[in-house]
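Chemist: Please find the sequence and the predicted model below.
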Amino acid sequence: MQSPETSQGEEAAVPTVSGAEAGRIARAAFVGTALEWYDYFLFGTAAAIVFNRLFFTSLDPTAATLAAFATFGVGFAARPLGAVLFGYIGDRVGRRPALLITIVAIGVATGLIGVLPDFGTIGLAAPIMLAILRLVQGLAVGGEWGGAMTIAVEHAPIEKRGRYAALVQVGSPVGTLMSSGAFALVLLMPTEVFDSWGWRLPFLAAFPLLLVALYIRLKVEESPIFRELVKLEKRAKIPAVDVFRQAWGRLIVAIAAAFLGVGGFYVMTTFVISYGTTNLGMDRGLMVNATLIAAVVQIGVILVIGRISEKVGPGRMTFIGGLVTAAAAFPLFWMIDSRNPFAIVLAVTLGIALLSVAYSVTGALLTEMFPPELRYSGVALGYNLAGALSGFLPLIAVALLGVSGGASWTASLLLIVVSLITAAGGFFGERLRVKDKAIVR
């Protein structure tokens with residue numbers, strides 16, 4: 001694993017950061033990220049309870065669910081491409097311009113899903129158009145998280161990066177809360193109304209939310225560390241290439257460290273919703289509401305762990321989070337298999353809370369694993385390559401259910417493997433952290 005080199009003129013130009021400014025930027029990054037994740041997470045819930053029935057109706061129920069999750073996974077496969085594209089913009093042109101483009105792209109794509117005709121109306125064109133819009137979502141999100149995290153961390157005092165990085169991470173459960181809440185409301189409609197047009201309302205809400213997010217993003221100032229890179233003429237020509245060439249070992253560790261926070265989340269939400277409704281015959285509303293309660297708890301976990309990581313270290317917290325999640329995997333699915341509504345809600349909540357120990361510090365860890373000139377690209381690639389692998393975990397989990405005759409032990413093993421990979425990422429990631437220099441005012 002190669003360590004990033006420091007140019008001779010770098011020490012002469014030390015950027016100045018402000019605690020008050022850091023809080024404002026982090027809050028702005030959080031709000032924009034929450035709205036982006038709202039758009040993105042809508043698709044996951046809809047894949048489990050809508051798209052399999054309305055966009056893949058020519059298939060049997062199991063095949064339709066697999067097809068819906070495959071389309072869901074397309075967005076994750078596109079995210080590394082988005083990381084390369086927006087990483088180039090973020091490391092060459094600026095963090096801020098990249099974030100403005102991503103917010104528009106994902107908002108428009110999500111809103112258009114809300115007006116998309118279903119299979120019964122236009123036939124095969126419906127799932128094809130759905131996959132294209134999911135592809136656009138994936139490209140935009142591929143640049144969103146890495147950019148929001150990078151700009152928030154680079155505005156923050158070094159010793160307080162854990163809390164500000166965690167604040168951006170809260171955007172994920174808030175996005176979950178908003179998307180699950182939106183679906184919980186429309187699920188109160190009669191089934192025929194929900195299938196006809198009710199499911200479209202959460203997607204159509206993306207248009208007004210886009211205006212809010214864009215207004216917030218326009219107020220975000222460029223990173224002081226990036227401004228110094230411009231002065232030093234230290235920007236990489238093709239950042240993604242340099243990441244693979246100069247920091248490939250760090251990239252592998254970053255992927256491993258981020259794997260549980262993304263992949264484990266989708267096992268405990270998207271897959272569990274599908275498993276509970278399809279295999280266990282549980283009410284759709286119950287399964288969606290379980291994710292709502294879990295999202296509320298996750299917010300508190302992220303904020304607390306973010307503060308603790310400033311003392312313990314983000315890599316060590318990632319290691320601990322991976323181990324405790326692995327230990328809890330089988331008990332969590334035993335609780336779900338009980339078909340007891342309280343046990344199911346508790347299992348989903350505990351599962352997401354445990355994996356959030358690692359997720360809380362993913363941003364703080366990844367941003368300190370890459371030098372500033374490669375940071376946007378390195379962070380985005382690490383997180384989104386993990387996302388590309390994670391996006392197909394619900395599909396793999398459903399396929400494994402078929403092999404095991406519907407037994408959930410296969411999903412438990414899958415969660416354990418993901419957790420241990422992340423534990424290893426945290427162990428090595430702590431040893432690869434790179435500290436920036438900054439003056440606090």
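Modeler: Nice, I can see it.
Chemist: Let me see the ranges of the helices in the stretch 151-300 of the chain.
Modeler: Counting by DSSP state H, counting those that start in this stretch, one finds helices in the stretch 151-300 of the chain at the ranges 161-169, 171-186, 191-196, 201-204, 206-218, 224-232, 239-246, 248-259, 265-266, 272-274, 284-312.
Chemist: Let's check: the centremost residue of the chain is which one?
Modeler: Val262 (5.6 Å; CA atoms, centre = their mean).
Chemist: can you give me the strands for the protein?
Modeler: Under the criterion DSSP state E, strands of the chain are mapped to 16-17, 439-440.
Chemist: just checking, which of these comes out with the lowest mean pLDDT?
Modeler: Note on the strands of the chain: lowest mean pLDDT is at strand 439-440, with a mean of 46.
Chemist: count of neighbours near Val403?
Modeler: Neighbour count for Val403, taken as other CB atoms under 10 Å: 9. (Each C-beta comes from the backbone N, C-alpha and C, glycine too.)
Chemist: Can you tell me the closest non-neighbouring residue to it?
Modeler: Thr410 (6.9 Å; CB to CB, 6 or more residues apart in numbering).
Chemist: got it, and Ile352?
Modeler: Ala294 is the one closest to Ile352 (CB to CB, 6+ apart), at 4.1 Å.
Chemist: Touching, the one you found and Leu354? I think so.
Modeler: No: contact between Ala294 and Leu354 fails when scored by CB atoms under 8 Å: they sit 10.7 Å apart.
Chemist: Looking at those two, which is more packed in?
Modeler: Ala294 (28 against 25).
Chemist: Which residues are in contact with the more buried one?
Modeler: For Ala294, the contact set (CB atoms under 8 Å, 6 or more residues apart in numbering) comprises Pro173, Thr176, Met268, Thr269, Val348, Thr349, Gly351, Ile352, Ala353.
Chemist: List the contacts of Phe244.
Modeler: Leu251.
Chemist: how close does it sit to Leu385?
Modeler: 11 Å (CB to CB, to the nearest Å).
Chemist: For the two, list the residues in contact with both.
Modeler: Joint contacts of Phe244 and Leu385 (CB under 8 Å, 6+ apart) are Leu251.
Chemist: how about the helices of the stretch 151-300 of the chain, which one is nearest Gly363?
Modeler: helix 161-169 (3.9 Å; CB to CB).
Chemist: and the closest one, which residues are buried?
Modeler: Arg161, Gly162, Arg163, Tyr164, Ala165, Ala166, Leu167, Val168, Gln169 (16 or more other CB atoms under 10 Å).
Chemist: what angle do that helix and helix 284-312 make?
Modeler: 160 degrees (axes from the mean of the first three to the mean of the last three CA atoms, to 10 degrees).
Chemist: Kindly export helix 161-169 (C-alpha atoms) in CSV.
Modeler: Taking Å, rounded to 0.1, in the frame of the first residue of the first chain, the C-alpha atoms of helix 161-169 are listed here in CSV:
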residue,chain,number,x,y,z
ARG,A,161,-14.1,15.8,12.3
GLY,A,162,-15.9,12.8,13.8
ARG,A,163,-18.9,14.8,14.9
TYR,A,164,-19.2,16.7,11.6
ALA,A,165,-18.8,13.6,9.5
ALA,A,166,-21.4,11.9,11.6
LEU,A,167,-23.8,14.8,11.0
VAL,A,168,-23.6,14.1,7.3
GLN,A,169,-24.2,10.4,8.0
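Chemist: quick one on the thing from earlier: list the contacts for the residue nearest to Val403?
Modeler: Ala397, Leu400, Leu401, Val403, Ser404.
Chemist: By neighbour count, which of the residues you listed wins?
Modeler: Ala397 (24 neighbours).
Chemist: Model confidence for it, exactly?
Modeler: 88.
Chemist: What of the one 3 residues further on?
Modeler: In the predicted model, Leu400 carries a pLDDT score of 87.
Chemist: again, but for Ala46
Modeler: So Ala46 comes in at 82 (pLDDT).
Chemist: Kindly report the same for Glu10.
Modeler: Looking at Glu10, the pLDDT reads 41.
Chemist: and Val434, how many residues sit next to it?
Modeler: Val434 has 16 nearby residues by other CB under 10 Å.
Chemist: Now do the phi/psi pair for it.
Modeler: For Val434, the backbone dihedrals (degrees, to the nearest 10) come out as phi -120, psi 130.
Chemist: Confirm for me that it is in contact with Leu365.
Modeler: No: look at Val434 against Leu365 with CB under 8 Å: they stay out of range, at 11.1 Å.
Chemist: Identify the residue nearest Leu133 in space, chain neighbours excluded?
Modeler: Per CB to CB, 6+ apart, closest to Leu133 is Ala109, 4.8 Å.
Chemist: Can you tell me how far the one you found is from Val141?
Modeler: Applying CB to CB to Ala109 and Val141 gives a distance of 10 Å.
Chemist: for Val168, what are its contacts?
Modeler: Ala26, Ala29, Phe30, Thr33, Ala148, Met149, Ala152, Gly363.
Chemist: what separates the fourth one from Gly391, distance-wise?
Modeler: The reference is to Thr33. Relative to Gly391, and taking CB to CB, Thr33 is found at 18 Å.
Chemist: List the buried residues of the helix ranked longest in the chain.
Modeler: When the chain is parsed with DSSP state H, its longest helix is helix 61-92. By 16+ other CB under 10 Å, the buried positions in helix 61-92 come out as 64-92.
Chemist: what sits up against stretch 129-140?
Modeler: Residues contacting stretch 129-140 (CB under 8 Å, 6+ apart): 36, 39-40, 43, 51, 55, 71-72, 74-79, 81-82, 85, 101-103, 105-106, 108-110, 112-113, 116.
Chemist: that older thread, quick one: closest of the helices of the stretch 151-300 of the chain to Val324.
Modeler: So among the helices of the stretch 151-300 of the chain, helix 284-312 is nearest, using CB to CB, at 11.7 Å.
Chemist: Mind listing what's buried along that closest one?
Modeler: Neighbour-count burial for helix 284-312 [16+ other CB under 10 Å]: 284, 287-295, 297-299, 301-302, 305-306, 308-310, 312.
Chemist: ok, now stretch 334-352?
Modeler: Met335, Ile336, Asp337, Ile344, Val345, Leu346, Ala347, Val348, Thr349, Leu350, Gly351, Ile352.
Chemist: still on that earlier bit, mind putting the contacts of Ala294 into JSON lines with distance to Leu185?
Modeler: JSON lines is the format used below for the contacts of Ala294 (distance: CB to CB, whole Å):
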{"residue": "Pro173", "distance to Leu185": "18"}
{"residue": "Thr176", "distance to Leu185": "15"}
{"residue": "Met268", "distance to Leu185": "22"}
{"residue": "Thr269", "distance to Leu185": "18"}
{"residue": "Val348", "distance to Leu185": "19"}
{"residue": "Thr349", "distance to Leu185": "20"}
{"residue": "Gly351", "distance to Leu185": "24"}
{"residue": "Ile352", "distance to Leu185": "21"}
{"residue": "Ala353", "distance to Leu185": "25"}
